[in-house]
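J.: Take this sequence and fold it.
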Amino acid sequence: VYPTVLADKATLFLESSLAILGEDAVRANTAADAFTTKIEGYINTLKTMGETELIYVLMPSKASGMKDMLPEGTEVTEGTTLYDQAVAAINASGATLIDMKAVIAEAELEDYPLYYRTYSAWSEYGAYLTYVTLMNHIAEKYPDAAPKGLDQFDIKEVKDALGGDLAYHFGLNRELLNETVYDFVPKFDLAIGNSAPEELELEKTWLISDIKQYVAENDYTFYNKYFANKLIHTDPAVTRVDDTFGF
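T.: Below is the predicted model of the structure:
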């Protein structure tokens with residue numbers, strides 16, 4: 001399902017992430033213009049709902065962030081990239097763009113990796129940088145949304161952690177292909193004030209660090225580790241346990 005490529009030093013990449021680095025991935029101008037038009041449509045719809053800002057956060061893929069580790073023969077365009085096109089299209093639409101590639105280029109990075117050898121996604125440090133950048137922007141209008149500093153997280157080094165999702169997709173034994181990862185554990189209270197539905201007989205408050213947001217049919221729902229494989233609707237009017245989307 002997810003073809004994976006093995007590079008030097010046991011570094012793994014999704015084949016699809018390598019493909020978007022080449023010239024063949026670059027869209028025609030008409031396609032880029034169509035993307036801009038679509039975003040403009042979203043903005044116009046949001047305007048009918050009141051004062052709402054549409055924010056896009058673009059994050060470079062592991063392949064584009066680890067070009068020095070790419071498999072031999074990987075095609076990388078020397079001109080405009082698909083990422084460049086996305087930046088231009090969003091900027092042309094009038095939506096707010098947070099370009100994490102530009103942020104990283106200017107940031108004084110701490111001694112934590114942005115990517116891991118066997119994971120397709122960013123590290124928690126990459127996620128932290130994105131959180132800080134996004135919430136700093138939001139805090140311009142809503143000061144209480146200002147992000148927490150790095151000193152407000154207990155950063156735990158986990159040695160010999162299981163290999164990531166790419167090791168699994170490649171068919172490798174994750175217990176044998178392990179690496180050191182860093183877990184960012186908040187020192188502060190993350191309670192969002194929503195208690196578990198009464199029918200679950202749980203008193204534990206939902207914590208932001210323990211939920212994954214899942215969007216389906218315009219209904220924002222949350223998956224929480226405390227509720228096993230249960231999908232819980234946060235709108236009290238439709239609160240229910242739903243096994244359909246168990247992860």
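J.: C-terminal to the longest helix out of those in the chain, what's the next element?
T.: The helix spanning the most residues in the chain, taking DSSP state H as the definition, is helix 29-47. With elements assigned by DSSP states H and E, the helix or strand that comes after helix 29-47 is strand 55-58.
J.: Strands of the protein, start to end?
T.: For the chain, the strands defined by DSSP state E cover 4-6, 12-14, 55-58, 96-99, 153-161, 179-186, 191-195, 205-207, 211-216, 219-224, 231-233, 241-242.
J.: In terms of secondary structure, what does the third one contact?
T.: Identification of packing neighbours for strand 55-58 by 3 or more C-beta pairs under 8 Å, 6 or more residues apart in numbering; DSSP states H and E yields helix 82-93, strand 96-99, helix 100-106, helix 124-139. No exception for glycine: its C-beta is placed from N, CA and C like everyone else's.
J.: Format those as CSV; extra columns: mean pLDDT.
T.: Below are the helices and strands packed on strand 55-58 laid out as CSV (pLDDT from 0 to 100):
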stretch, mean pLDDT
helix 82-93, 96
strand 96-99, 97
helix 100-106, 93
helix 124-139, 95
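J.: mind putting the ones you listed in CSV, mean neighbour count and distance to residue 64 included?
T.: Formatted as CSV, the helices and strands packed on strand 55-58 follow (neighbours: other C-beta atoms under 10 Å; distance: least, C-beta to C-beta, whole Å):
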stretch, mean neighbour count, distance to residue 64
helix 82-93, 18, 7
strand 96-99, 17, 13
helix 100-106, 14, 8
helix 124-139, 17, 13
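J.: Serialize the ones you listed to TSV and add fields for distance to residue 29.
T.: Compiled in TSV, the helices and strands packed on strand 55-58 are given as follows (distance: least, C-beta to C-beta, whole Å):
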stretch	distance to residue 29
helix 82-93	9
strand 96-99	19
helix 100-106	22
helix 124-139	29
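J.: Out of those, which is closest to residue 5?
T.: helix 82-93 (18.4 Å; C-beta to C-beta).
J.: Now do the buried residues in the longest helix of the chain.
T.: 32, 35-36, 39 (16 or more other C-beta atoms under 10 Å).
J.: related to what we said a few turns ago, right, so of the helices and strands packed on strand 55-58, which gets closest to residue 73?
T.: Using C-beta to C-beta, the nearest of these to residue 73 is helix 82-93, at 19.3 Å.
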